[in-house]
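Asks: Give the three-dimensional model of this entry:
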Amino acid sequence: MKKFGVAFGLIILVVALAVAINLGIKNLNLQKELTQTQQSATIAKQQVQAKNGQINQLHKKVSLLSKKLKFAASHQNLTYKLKSGDTLYDLFGSNWQKVAERNGIDVKSAKNLPAGQTINFPGYVHHVKKGENFVQLFGKKWQQIAWLNGFCPQQAEILPAGQCLKVPNI
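Replies: Below you'll find the model as predicted:
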């Protein structure tokens with residue numbers, strides 16, 4: 001019976017040892033998986049950082065292009081077809097001589113311009129938003145810009161949203 005007890009003890013010891021070895025192997029496999037997961041996470045983090053760097057570079061490029069586009073939009077060549085009685089001074093204020101020179105108009109004859117003549121000037125187009133008016137948008141120059149866009153002073157308070165206004169940039 002003693003031999004049986006010793007044999008049984010040895011069997012239990014072997015089984016326990018096998019379980020311990022199996023658990024050790026599973027633990028090693030889990031550690032390998034953990035290490036691989038950590039390495040994958042590190043690689044993914046590096047990839048995200050690289051993508052963020054690329055995104056930041058693209059944001060800078062878009063910002064620069066946006067500035068260039070705004071500059072180009074603010075310096076486009078606009079035209080105005082003169083109406084009877086229009087004067088460059090009424091339309092462009094103190095900058096009327098620059099507009100005259102730009103259009104090859106002799107300063108002496110600038111007061112008697114023929115109706116229908118097209119005048120070129122640097123400027124931009126403003127799209128009116130709801131509630132905007134000439135005085136709010138252009139301050140002291142509101143009358144010149146109103147005339148340039150075919151509005152009389154009585155209409156200065158009424159600007160429909162979406163209206164496109166030519167604004168000199170002189």
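Asks: For the protein, give me the ranges with low pLDDT.
Replies: Along the chain, segments meeting pLDDT under 70 span 1-5, 67-75, 170.
Asks: And the strands in it, which stretches?
Replies: 76-81, 118-127, 164-168 (DSSP state E).
Asks: Please identify which of those strands is closest to residue 93.
Replies: With C-beta to C-beta as the criterion, residue 93 lies closest to strand 164-168 of the strands of the chain, at 8.7 Å. (Glycine included, C-beta is placed from N, CA and C.)
Asks: List the contacts of that closest one.
Replies: With C-beta atoms under 8 Å, 6 or more residues apart in numbering as the test, strand 164-168 has contacts from 78, 80, 92, 95, 99, 121-128, 137-138, 144-145, 148-149, 159.
Asks: Starting from that strand, tell me which strands it pairs with and how they run.
Replies: strand 118-127 (antiparallel) (DSSP bridges).
Asks: Tell me which of the strands of the chain lies nearest to residue 22.
Replies: Nearest to residue 22, of the strands of the chain and by C-beta to C-beta, is strand 118-127 at 75.0 Å.
Asks: Direction-wise, compare that closest one with strand 76-81 and give the angle.
Replies: Strand 118-127 and strand 76-81 are oriented at 120 degrees to each other (axes from the mean of the first three to the mean of the last three C-alpha atoms, to 10 degrees).
Asks: What residues sit buried inside strand 118-127?
Replies: 119, 121, 123-124, 126 (16 or more other C-beta atoms under 10 Å).
Asks: Turn the residues you listed into CSV, columns for distance to residue 113.
Replies: As requested, the buried residues of strand 118-127 are exported to CSV (distance: C-beta to C-beta, whole Å):
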residue, distance to residue 113
119, 8
121, 14
123, 19
124, 24
126, 25
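Asks: out of those, who's nearest residue 43?
Replies: The nearest member of the buried residues of strand 118-127 to residue 43, counting by C-beta to C-beta, is residue 124 at 49.1 Å.
Asks: Make sure the closest one is actually in contact with residue 76.
Replies: Yes. With contact defined as C-beta atoms under 8 Å, residue 124 reaches residue 76; the gap is 6.4 Å.
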